[in-house]
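Engineer: 3D, please:
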Amino acid sequence: MNKQWKKFNALGSEIIIVANLREDQASLLDQAERIVIDFEKRFSRFVAESELSRFNDFAGGEIELSETMAQLLVAAKDFNLLTGGIFDPTIIGGLEAIGYNRRFDELNQAAVLRPSANSAQIRQQFFHRPRLDQLSISGNKTIKPAGFRLDLGGIGKGYIVDFLSHGLFGGIVDCWISAGGDLAVKGSDQNMTGWKIGVQDPHTPEREIFSVWTKGNDCGIATSGIHKRRGGQGDTLWHHLIDPRTGIPVVNNILAVTVISPSAEQADVFAKTVLILGESKGLEFIERQDGSAAIIFFNDGGMTFSKQALNYIKRE
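Structural biologist: Got it, this is the predicted structure:
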């Protein structure tokens, strides 16, 4: 068995796969790249002919879903219920209203970062959107309400990372799969028990504060923050984490949240949930989730840990 790796760009992130493979398993890395690129083409809201775009553009009524789309929608509904509505992919209108209506790198190039609509107008339009609980799914079909639209960015990376880890790499004991801030790890790195994942200081991303040590456990790790996908025009700033209770970017004292959970999909959703809920309610939420832990980074440079988080911290 040899440690092999592959790096490529997709889903607006750098994808890194590291795994202990036999020589005859090396093709798994190229297969993984094709799967991720295909997933992006199918479920990006920025691809006009994607399956997600066709779903969003559908006027309303019964629509047939692919198996993957049905799985994503069922998971979205489950997480929406679990988080008390805080995880909500119907916030797409809020994202578009603040100007996040194309790929982030294109926004930077175009310097079109925010529309003229004010917060009151955004809220009014947002509250009239069709809600996730109006969508019922039966097998591979659903009745789509008129005007119902989704952004799957809040769950997609976690989903595809888990899909690779448990599917394509299901028979591989030791592997690391990351998509930007979302990781799924299994087994161990060479010469150690578990994987050591560096945790960046969100105020100074080039500096690692400490490491998360998985101790050989299979788990997902995700970081969500307001410090990366953000923009501004004049004295108005925005970031991409929309509070579903208001329709506008969440405002509190949290800069970023890192969550360790049994799956990358859970970690992805829970990190956003904790950040949106804020310190007190966010910690209460994560403590109720079996096998999950959170590290919260504040705007003022401080940080706090959920009860289980210290079990994973490895200081140099």
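
Engineer: Helices along the stretch 1-150 of the chain, start to end?
Structural biologist: Along the stretch 1-150 of the chain, counting by DSSP state H, counting those that start in this stretch, helices occupy 27-43, 51-57, 67-82, 92-97, 104-110, 119-126.

Engineer: Which among these is found nearest to Val250?
Structural biologist: When the helices of the stretch 1-150 of the chain are compared by C-beta to C-beta, helix 92-97 sits nearest Val250, at 10.4 Å. Heads up, the C-betas are built off the backbone N, CA and C, glycines and all.

Engineer: could you say what helices and strands that closest one packs with?
Structural biologist: Contact analysis of helix 92-97 by 3 or more C-beta pairs under 8 Å, 6 or more residues apart in numbering; DSSP states H and E lists helix 119-126 as its packing neighbours.

Engineer: Looking at the helix it packs on now, give me its mean pLDDT.
Structural biologist: Average pLDDT, helix 119-126: 72.

Engineer: same thing with stretch 211-229?
Structural biologist: For stretch 211-229, mean pLDDT rounds to 86.

Engineer: Use 3 as the first number for this chain going forward.
Structural biologist: Sure, I'll start numbering at 3, so the last one becomes stretch 213-231.

Engineer: buried sites along that stretch?
Structural biologist: Burial within stretch 213-231, assessed by neighbour count using 16 or more other C-beta atoms under 10 Å, is assigned to 213-216, 219, 221-228, 231.

Engineer: chain center to the helix or strand containing Gly160, what's the gap?
Structural biologist: Here Gly160, judged by DSSP states H and E, is contained in helix 158-165. Between the centre of helix 158-165 and the centre of its host chain there is 8 Å, according to C-alpha atoms, centre = their mean, to the nearest Å.

Engineer: same thing with stretch 296-315?
Structural biologist: Worked out by C-alpha atoms, centre = their mean, stretch 296-315 lies 19 Å from the chain centre.

Engineer: Span of that stretch from start to end?
Structural biologist: 11 Å (C-alpha to C-alpha, to the nearest Å).

Engineer: Quick one: mean pLDDT over that stretch.
Structural biologist: 93.

Engineer: quick one: contacts of that stretch?
Structural biologist: Here stretch 296-315 makes contact (C-beta atoms under 8 Å, 6 or more residues apart in numbering) with 201, 203-205, 212-217, 227, 255-262, 272-273, 276-277, 281, 284-285, 288-289, 293-295.

Engineer: ditto for stretch 65-82
Structural biologist: For stretch 65-82, the surrounding residues in contact (C-beta under 8 Å, 6+ apart) are 41, 44-45, 53-54, 57, 89-91, 134-135, 137, 139, 141-146, 152, 154, 157-158, 161, 267, 271.

Engineer: what about burial for those, which qualify?
Structural biologist: If we count by 16+ other C-beta under 10 Å, the contacts of stretch 65-82 have these buried: 41, 44-45, 53-54, 57, 89-91, 134, 137, 139, 144, 146, 152, 154, 157-158, 161, 267, 271.

Engineer: Mind giving me the packing neighbours of the helix or strand encompassing Val261?
Structural biologist: Under the criterion of DSSP H and E, Val261 resides in strand 256-263. Helices and strands touching strand 256-263, as assessed by 3+ C-beta pairs under 8 Å, 6+ apart, comprise strand 221-227, helix 266-279, helix 281-289, strand 295-300.

Engineer: Toward the C-terminus, what is the element adjacent to the last one?
Structural biologist: Translated: strand 295-300. With elements assigned by DSSP H and E, the helix or strand that comes after strand 295-300 is strand 305-307.

Engineer: Just checking: what are the partner strands of that following strand?
Structural biologist: Sheet pairing for strand 305-307, assigned by DSSP bridges, gives strand 295-300 (antiparallel).

Engineer: now the partner strand and strand 256-263, what's the angle there?
Structural biologist: Put simply, strand 295-300 runs at 170 degrees to strand 256-263, going by axes from the mean of the first three to the mean of the last three C-alpha atoms, to 10 degrees.

Engineer: Relative to the whole chain's centre, how far out is strand 295-300?
Structural biologist: Strand 295-300 has its C-alpha centroid displaced from the chain centroid by 16 Å (C-alpha atoms, centre = their mean).

Engineer: cool, stretch 49-64 as well?
Structural biologist: Relative to its chain's centre, stretch 49-64 lies at 21 Å (C-alpha atoms, centre = their mean).
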